[in-house]
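Participant: make a model of this:
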Amino acid sequence: MEDGMLAGMLSSEEEKVEAAEVESALSSVEAFAAAVVAIASRQDPAVARKTEAFLEAQTRLLTIQSAHLKDEHALRMSGLSRRTKEDSLRLASSRLRVTFQLLTALVGVALAAGAALFLRDAAGSHQVVIEPFHTPPSMAVRGVEGAVVASALLDELTHLQHATRSSATALSTSNAWAGDIKVEVLGTGISIGEVSRMVRERFGHDVHIEGDLVATDAGKLALTVRGNGIEPKTFAGEAGGFDKLAVQAAEYVYAQSQPVRWATYLNNTGRSKDAIAFAKALIPNTTDVEVRANLFNSWGIGEQNIDAPPLDAMGHFKAAVKVKPDHWVAYNNIINTYLVFGDEEAALKAGDEMRIAAGGRPGRAAELYYQNVDLLTWNLQAWLAGLNADIASNAGGGTGSTSDGPIIADVQVRLHEPEAAELSLNLVKEDVFDPSIAAATHFVRGRLALDSGDMAKAATEMEAFGLAYADPVISTNYAGFQCWIAPVEEAAGHPDKADAIFKTGAHYVDCYRFRADILDHRGNWAGAQQGYADAVALAPDLPAAYYSWGAALIRHGDLAGAVAKLKEANQRGPHWADPLKAWGDALLAQGHAKEALDKYDQALQYAPAWSVLKSARAAAAKSAG
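Facilitator: Here you go, the predicted structure:
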């Protein structure tokens with residue numbers, strides 16, 4: 001083969017390889033740049049736009065360089081037919097140079113992208129940073145130096161964060177030297193950690209806290225804290241009382257840097273009067289919509305906790321929604337306040353208003369905030385899913401004013417899952433400031449004992465819940481739950497105690513329907529039917545009264561009437577298994593096994609672990625052949 005022909009073949013193949021490498025490198029740069037822009041956009045759209053513009057410029061520059069390289073390559077190739085083996089070596093060297101230039105460009109873009117991400121992280125930084133405090137040499141000798149004081153303050157702030165059940169976003173806390181990466185920037189002697197801090201201070205939104213700890217002439221300690229946006233304040237105490245000073249200083253810093261979470265913390269820890277005073281003082285002095293709305297909401301919760309008139313709390317919840325129309329927490333509290341009033345029909349309508357405002361369900365409002373609507377309509381699986389998601393978001397406690405754990409157990413009892421309910425109670429995170437945990441645990445254990453036939457234990461547990469119900473924290477968060485005490489007392493042989501519950505004047509569907517059940521149990525069928533009718537009239541859009549009436553009609557052999565009531569219950573609570581199961585029972589008693597089987601199958605969608613339902617389905621399947 002002639003040298004010219006060989007050179008031509010080499011030219012064609014070499015050109016294809018080189019062009020492929022150039023295009024591959026360009027594609028890699030463009031893909032990397034797109035990834036950087038995508039990451040930046042998740043945090044800050046402004047940073048994303050700047051990053052995208054910068055990387056586009058770099059990509060254009062790289063494209064121009066690539067075009068020049070291709071032109072240069074074409075010129076070299078035009079004379080390849082006259083090249084010798086030495087020319088081939090020079091060609092290989094040229095290819096290496098092209099590759100090196102492309103790689104250099106790629107590294108340059110990577111470094112630029114890294115810088116962009118570095119700036120993005122700095123711009124998105126929201127931390128409370130504790131700097132080392134100043135202490136005199138005499139105290140440092142005793143081991144109380146600046147880093148020790150800062151660490152004590154950091155520990156207390158971290159404790160406050162963890163003790164706050166709130167949906168408000170928490171600022172992260174750190175000390176000024178945390179996470180310092182001891183890699184020096186060449187030629188400067190400055191570590192990457194120090195560069196990071198300087199950039200965050202310039203572009204971020206961190207709150208830096210510093211201060212002094214000194215011994216006064218009177219032999220006492222004086223701890224002063226100050227920071228950007230935080231007015232200096234001094235806390236004085238006995239020489240041996242530094243720990244107490246650290247707590248006071250941490251609470252002050254927490255209140256100033258995270259006012260929404262501080263107000264919530266006060267309510268969480270039984271200091272609702274302080275929460276009301278804090279909200280009342282701060283609301284007129286802030287224009288931040290998010291802060292104002294949340295403080296109005298905390299104000300309302302505080303009023304409920306101290307047993308203020310429900311209208312007062314309602315006014316502040318509505319003020320929160322007026323300030324911020326998508327404040328779903330306050331919407332949920334409005335619904336709950338209607339329950340406190342005993343107006344369940346209004347509560348359901350308020351839930352419809354929230355759903356519309358949220359653009360439907362699922363929509364902009366988190367599923368958790370429909371929990372009171374789900375309670376009223378017995379949408380148990382949706383209620384449970386929202387609670388589980390919430391409890392996972394806050395280290396096992398949830399973000400509500402009371403702990404989610406016992407509520408989850410209650411929902412599981414309603415789903416006929418006793419083992420799951422027991423497990424949930426055993427996993428409840430303790431909180432000495434939350435009286436609802438013990439109260440709700442008594443309630444759930446009373447329900448479990450009733451279902452198992454242990455009437456004495458059921459009565460004991462429910463009576464303990466009844467005593468706790470006197471606390472407004474319990475009565476406002478578990479409005480109407482006292483009605484469940486009455487059927488337990490009746491079953492335990494305490495009719496006088498059952499009647500006493502109904503004499504409290506509680507106007508809830510559960511109280512009305514349970515009273516009708518008891519009248520039926522005592523042989524007063526006419527009075528029972530009137531009681532069921534009264535329950536329906538009290539809240540005609542709720543399913544529970546129709547269900548109880550239908551179950552009573554089954555007991556009295558009116559199967560057609562029972563089916564009619566159970567159908568209405570299902571229309572108002574389509575995700576509730578109990579009316580469907582009772583409907584199936586009525587159909588099976590009428591000899592309609594196949595229709596009963598269909599109702600049992602529907603019920604199993606909403607209570608898949610209900611053993612009694614499974615047995616009923618098996619019987620219907622056998623009867624249907």
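Participant: pLDDT (mean, whole number) over whichever strand or helix holds residue 350?
Facilitator: Using DSSP states H and E, residue 350 maps to helix 344-357. When pLDDT is averaged along helix 344-357, the result is 98.
Participant: buried set for it?
Facilitator: By neighbour count on 16 or more other CB atoms under 10 Å, the buried set for helix 344-357 is 344, 346, 347, 348, 350, 351, 354, 355, 357. To be clear about C-beta, it is placed using only N, CA and C from the backbone, and glycine gets the same treatment.
Participant: which strands and helices sit next to the next helix or strand after that helix?
Facilitator: The helix or strand immediately downstream of helix 344-357 is helix 371-377, counting by DSSP H and E. Contact partners of helix 371-377 among helices and strands, from 3 or more CB pairs under 8 Å, 6 or more residues apart in numbering; DSSP states H and E: helix 328-341, helix 344-357, helix 380-393.
Participant: may I see these organised as TSV, with distance to residue 411 added?
Facilitator: Shown next, in TSV, are those (distance: least, CB to CB, whole Å):
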stretch	distance to residue 411
helix 328-341	16
helix 344-357	17
helix 380-393	5
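Participant: of all those, which lies closest to residue 288?
Facilitator: With CB to CB as the measure, helix 328-341 is the member of those nearest residue 288 (15.7 Å).
Participant: show me what the closest one is packed up against.
Facilitator: Counting by 3+ CB pairs under 8 Å, 6+ apart, helix 328-341 packs on helix 289-305, helix 310-323, helix 344-357, helix 371-377, helix 472-477.
Participant: adding distance to residue 465, write those out as a markdown table.
Facilitator: Formatted as a markdown table, the helices and strands packed on helix 328-341 follow (distance: least, CB to CB, whole Å):
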| stretch | distance to residue 465 |
| --- | --- |
| helix 289-305 | 18 |
| helix 310-323 | 21 |
| helix 344-357 | 20 |
| helix 371-377 | 17 |
| helix 472-477 | 8 |
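Participant: nearest to residue 575 among those would be which one?
Facilitator: helix 371-377 (7.4 Å).
Participant: run the chain-centre distance for that closest one.
Facilitator: Put simply, helix 371-377 sits 18 Å off its chain's centre (CA atoms, centre = their mean, to the nearest Å).
Participant: and what of stretch 495-502?
Facilitator: The answer for stretch 495-502 is 40 Å, by CA atoms, centre = their mean.
Participant: what is the helix holding residue 350 packed up against?
Facilitator: So helix 344-357, by 3+ CB pairs under 8 Å, 6+ apart, packs with helix 328-341, helix 371-377.
Participant: report the separation between residue 238 and residue 213.
Facilitator: 14 Å (CB to CB, to the nearest Å).
Participant: okay, these two: which has more neighbours?
Facilitator: More crowded of residue 238 and residue 213, by other CB atoms under 10 Å: residue 213, with 26 against 11.
Participant: name the SS class of that one, please.
Facilitator: Here residue 213 is recorded as strand under DSSP: H, G, I helix; E, B strand; the rest coil.
Participant: let me know the pLDDT of it.
Facilitator: For residue 213, pLDDT reads 90.
Participant: equivalent analysis for residue 130, please.
Facilitator: At residue 130, the model reports a pLDDT of 84.
Participant: what is the burial count for it?
Facilitator: By other CB under 10 Å, neighbour count at residue 130 equals 30.
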